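Engineer: I'll drop the sequence and a predicted model, then ask my questions.
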Amino acid sequence: MSIRRPVAPAAAWILLALVASLLPGCMIEQLLIGQWYGVYTPPVGACPRLEWRFVVDSHRAINGFLAGDGQQRIATLSGLLNNDDSFQITATDVAGGRTASVTGQFTSQLSTISIHGLAAGPACDGQTFKLRLGSYFARQGGGGGGGG
(Lines give C-alpha, C1' and ligand atoms only; values in the text may rest on other atoms or scores of the structure.)
Protein backbone atom coordinates (compact mmCIF):
# COMPACT_ATOMS: atom_id res chain seq x y z
CA MET A 1 0.00 0.00 0.00
CA SER A 2 1.38 3.38 -0.96
CA ILE A 3 0.69 6.65 0.77
CA ARG A 4 0.13 9.75 -1.35
CA ARG A 5 1.51 13.04 -0.17
CA PRO A 6 -0.52 16.16 -0.98
CA VAL A 7 0.92 18.25 -3.80
CA ALA A 8 2.69 21.36 -2.54
CA PRO A 9 1.10 24.65 -3.71
CA ALA A 10 4.15 25.64 -5.80
CA ALA A 11 4.18 22.22 -7.47
CA ALA A 12 0.45 22.57 -8.22
CA TRP A 13 1.04 25.91 -10.00
CA ILE A 14 3.89 24.41 -12.02
CA LEU A 15 1.65 21.47 -12.98
CA LEU A 16 -1.16 23.86 -13.99
CA ALA A 17 1.22 25.90 -16.18
CA LEU A 18 2.56 22.73 -17.80
CA VAL A 19 -0.92 21.38 -18.58
CA ALA A 20 -2.05 24.75 -19.97
CA SER A 21 1.00 24.93 -22.23
CA LEU A 22 0.16 21.51 -23.65
CA LEU A 23 -3.38 22.50 -24.66
CA PRO A 24 -3.33 23.67 -28.29
CA GLY A 25 -3.61 27.44 -28.31
CA CYS A 26 -4.98 27.78 -24.78
CA MET A 27 -4.12 31.24 -23.52
CA ILE A 28 -4.58 31.70 -19.79
CA GLU A 29 -4.63 35.50 -20.08
CA GLN A 30 -7.36 35.51 -22.76
CA LEU A 31 -9.99 32.84 -23.43
CA LEU A 32 -10.50 29.80 -21.25
CA ILE A 33 -11.09 26.70 -23.35
CA GLY A 34 -14.52 25.17 -22.69
CA GLN A 35 -15.89 28.24 -20.89
CA TRP A 36 -19.12 29.90 -22.10
CA TYR A 37 -18.91 33.68 -22.54
CA GLY A 38 -21.44 36.43 -23.05
CA VAL A 39 -20.28 39.63 -24.73
CA TYR A 40 -22.66 42.53 -25.36
CA THR A 41 -22.30 45.01 -28.19
CA PRO A 42 -24.06 48.34 -27.66
CA PRO A 43 -26.89 49.60 -29.87
CA VAL A 44 -25.76 51.74 -32.81
CA GLY A 45 -28.45 53.54 -34.80
CA ALA A 46 -31.10 50.93 -35.69
CA CYS A 47 -28.75 48.03 -34.82
CA PRO A 48 -29.91 46.83 -31.39
CA ARG A 49 -27.79 45.74 -28.45
CA LEU A 50 -26.60 42.22 -29.27
CA GLU A 51 -25.62 39.40 -26.93
CA TRP A 52 -22.88 37.10 -28.27
CA ARG A 53 -22.92 33.78 -26.35
CA PHE A 54 -20.12 31.41 -27.30
CA VAL A 55 -17.69 28.71 -26.23
CA VAL A 56 -14.26 27.83 -27.65
CA ASP A 57 -13.30 24.14 -27.66
CA SER A 58 -9.82 22.59 -27.45
CA HIS A 59 -9.50 22.74 -31.26
CA ARG A 60 -10.26 26.50 -31.10
CA ALA A 61 -13.64 26.02 -32.78
CA ILE A 62 -16.20 28.68 -31.75
CA ASN A 63 -19.86 27.70 -31.33
CA GLY A 64 -22.76 29.61 -29.87
CA PHE A 65 -25.63 31.95 -30.62
CA LEU A 66 -26.51 35.58 -31.11
CA ALA A 67 -29.46 37.07 -29.23
CA GLY A 68 -31.21 40.37 -29.85
CA ASP A 69 -32.47 43.01 -27.46
CA GLY A 70 -35.42 40.88 -26.32
CA GLN A 71 -33.09 37.93 -25.57
CA GLN A 72 -34.52 35.93 -28.48
CA ARG A 73 -31.96 33.90 -30.42
CA ILE A 74 -31.57 35.42 -33.85
CA ALA A 75 -28.57 33.48 -35.21
CA THR A 76 -26.27 30.54 -34.59
CA LEU A 77 -22.53 31.12 -34.47
CA SER A 78 -19.77 28.85 -35.74
CA GLY A 79 -16.18 29.69 -36.52
CA LEU A 80 -12.54 29.51 -35.59
CA LEU A 81 -10.31 31.33 -33.11
CA ASN A 82 -6.78 31.79 -34.48
CA ASN A 83 -3.63 31.54 -32.36
CA ASP A 84 -3.38 35.35 -32.20
CA ASP A 85 -6.99 35.48 -30.86
CA SER A 86 -8.34 36.89 -34.12
CA PHE A 87 -11.47 35.07 -35.27
CA GLN A 88 -13.76 34.35 -38.19
CA ILE A 89 -17.35 33.40 -37.39
CA THR A 90 -20.32 32.67 -39.61
CA ALA A 91 -23.61 33.84 -38.10
CA THR A 92 -26.64 32.07 -39.61
CA ASP A 93 -30.07 33.63 -39.10
CA VAL A 94 -32.38 31.10 -37.37
CA ALA A 95 -35.47 32.41 -39.18
CA GLY A 96 -34.44 32.64 -42.80
CA GLY A 97 -30.94 31.26 -43.20
CA ARG A 98 -29.32 34.62 -44.02
CA THR A 99 -25.65 34.72 -43.07
CA ALA A 100 -23.09 37.23 -41.91
CA SER A 101 -19.32 37.06 -41.72
CA VAL A 102 -18.14 38.18 -38.30
CA THR A 103 -14.46 38.95 -37.85
CA GLY A 104 -12.34 40.56 -35.20
CA GLN A 105 -9.83 39.98 -32.46
CA PHE A 106 -9.94 39.58 -28.68
CA THR A 107 -7.14 41.39 -26.87
CA SER A 108 -6.49 42.53 -23.32
CA GLN A 109 -6.76 46.16 -24.48
CA LEU A 110 -9.29 46.83 -27.27
CA SER A 111 -11.25 43.97 -28.85
CA THR A 112 -13.10 44.32 -32.16
CA ILE A 113 -16.16 42.64 -33.66
CA SER A 114 -17.12 43.46 -37.28
CA ILE A 115 -20.34 42.28 -38.93
CA HIS A 116 -20.68 41.92 -42.71
CA GLY A 117 -24.03 40.45 -43.77
CA LEU A 118 -27.67 40.33 -42.74
CA ALA A 119 -27.87 37.59 -40.08
CA ALA A 120 -27.88 40.13 -37.22
CA GLY A 121 -30.34 42.35 -39.10
CA PRO A 122 -29.88 44.84 -41.95
CA ALA A 123 -29.03 47.72 -39.58
CA CYS A 124 -26.04 45.76 -38.19
CA ASP A 125 -24.47 45.02 -41.59
CA GLY A 126 -21.16 46.89 -41.82
CA GLN A 127 -20.97 47.72 -38.09
CA THR A 128 -17.65 47.43 -36.24
CA PHE A 129 -17.64 47.43 -32.47
CA LYS A 130 -14.59 48.28 -30.36
CA LEU A 131 -14.89 46.91 -26.86
CA ARG A 132 -12.72 47.42 -23.81
CA LEU A 133 -12.97 43.94 -22.34
CA GLY A 134 -9.81 44.18 -20.23
CA SER A 135 -9.31 41.00 -18.24
CA TYR A 136 -12.88 39.84 -18.95
CA PHE A 137 -11.81 36.60 -20.62
CA ALA A 138 -9.47 35.65 -17.81
CA ARG A 139 -12.40 35.59 -15.35
CA GLN A 140 -14.37 32.38 -15.38
CA GLY A 141 -17.94 33.09 -16.40
CA GLY A 142 -17.23 36.38 -18.09
CA GLY A 143 -20.13 38.78 -17.92
CA GLY A 144 -19.81 41.93 -19.88
CA GLY A 145 -18.56 43.98 -22.66
CA GLY A 146 -19.33 47.55 -23.34
CA GLY A 147 -18.67 50.28 -25.78
CA GLY A 148 -15.36 51.89 -26.30
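Structural biologist: Arrived safely, thanks for sending. Numbers count the residues shown, from 1 in each chain.
Engineer: Return the distance of the nearest residue to Val44 once chain neighbours are set aside relative to Val56.
Structural biologist: Once flanking residues are discounted, Val44 sits nearest to Gln127: 5.7 Å by CB to CB, 6 or more residues apart in numbering. Heads up, the C-betas are built off the backbone N, CA and C, glycines and all. Distance of Gln127 to Val56, computed by CB to CB, to the nearest Å: 23 Å.
Engineer: Looking at the two, which is more packed in?
Structural biologist: Val56 (27 against 17; other CB atoms under 10 Å).
Engineer: residues touching the more buried one, list them.
Structural biologist: Val56 makes contacts with Leu31, Ile33, Gly34, Gln35, Ile62, Leu81, as judged by CB atoms under 8 Å, 6 or more residues apart in numbering.
Engineer: try 7 Å this time
Structural biologist: With contact set as CB atoms under 7 Å, 6 or more residues apart in numbering, Val56 has these partners: Leu31, Ile33, Ile62, Leu81.
Engineer: Repeat that for Thr90.
Structural biologist: Thr90 neighbours (CB under 7 Å, 6+ apart): Ser78, Gly79, Thr99, Ser101.
Engineer: and if we set it to 6 Å?
Structural biologist: Contacts for Thr90 (CB atoms under 6 Å, 6 or more residues apart in numbering) come out as Ser78, Gly79, Thr99.
Engineer: between those, which is nearest Ala120?
Structural biologist: Thr99 (10.2 Å; CB to CB).
Engineer: Just list whatever residues bridge to the closest one.
Structural biologist: Beta-bridge pairing of Thr99 under DSSP bridges involves Thr92.
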